[in-house]
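1. the following block contains a protein sequence and its predicted model.
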Amino acid sequence: MSYFFTVVASMAVGLLLGLASVLLFEPWKKEREEERLAKIATTALYHELGWVMELLHYATSTNTRIGVIHTLDFPDFDYYYNHHREIMYRVPCWRELVSLVRELRGKHRWLTDKQTEPRTVACGMIESFSRITNVDLNFGKLLGTGRTHAIESLKTIHADFARWQQELETNRL
């Protein structure tokens, strides 16, 4: 009979410990997962905006084809804003981010409605970036890291393209 009570007591203790761990650690686990996803989202969103900002600066400063802004899109922003809003709210400066993307899309509509020249739209978009980064320095810092990443990536792409072009020229000769 004592063996039976030992087994029942062990099961009861195991059940209580299991329930306690679920009640105590499950919310903490969910919180940690959301923090991890927020870091990933922050990196993705600010790198995306950094790319846009760098492309706009490049297009307006070098008199190259400004047509790059015809295809302006924010897939990472759309994904997090439409499908994972709770993660979006954990991104630093998320209000400024949403405001900036809405403003950029509004200016992009000027272009698609054929109301304004592409260069004017691009300069207006750069002005939007400058205005928001001057208001919130933390946003500017985060955007700066995204832009730095974009510049490094563009340098790599440019070097790869130059190498590819040189190989193409040597193979022709």
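-> Nice, I can see it.
2. CA only for contacts and neighbour counts going forward, please
-> Fine.
3. secondary structure class for the spatially most central residue of the chain?
-> Closest residue to the average C-alpha location of the chain: Leu45 at 1.2 Å, with C-alpha atoms, centre = their mean. Here Leu45 is helix, with the state taken from DSSP: H, G, I helix; E, B strand; the rest coil.
4. got it, and Arg90?
-> Put simply, Arg90 is coil when judged by three-state DSSP.
5. am I right that it is in contact with Ala38?
-> Yes: with contact defined as C-alpha atoms under 8 Å, Arg90 counts as touching Ala38 (5.8 Å).
6. tell me the confidence at Phe139?
-> Looking at Phe139, its pLDDT is 68.
7. ok, which stretches of the chain are helices?
-> 2-61, 75-83, 85-88, 94-112, 118-135, 137-172 (DSSP state H).
8. surely the residue nearest to the centre of the chain and Tyr79 touch.
-> No: here Leu45 lies out of contact with Tyr79, judged by C-alpha under 8 Å, at a distance of 10.0 Å.
9. picking up where we left off before, of Arg90 and Ala38, who's got more company?
-> Ala38 (21 against 16; other C-alpha atoms under 10 Å).
10. that one and Ala44, how far apart?
-> Going from Ala38 to Ala44 by C-alpha to C-alpha, to the nearest Å gives 10 Å.
11. ok, Glu117 next?
-> Applying C-alpha to C-alpha, the value for Glu117 to Ala44 is 30 Å.
12. likewise for Val22?
-> From Val22 to Ala44 the distance is 32 Å (C-alpha to C-alpha).
13. more neighbours: which of these two?
-> Higher neighbour count among Val22 and Ala44: Ala44, with 17 against 13, using other C-alpha under 10 Å.
14. Leu100: what's it in contact with?
-> 128-129, 132 (C-alpha atoms under 8 Å, 6 or more residues apart in numbering).
15. let me fix that, I meant to ask about Glu35.
-> Contact analysis of Glu35 by C-alpha under 8 Å, 6+ apart lists Arg90.
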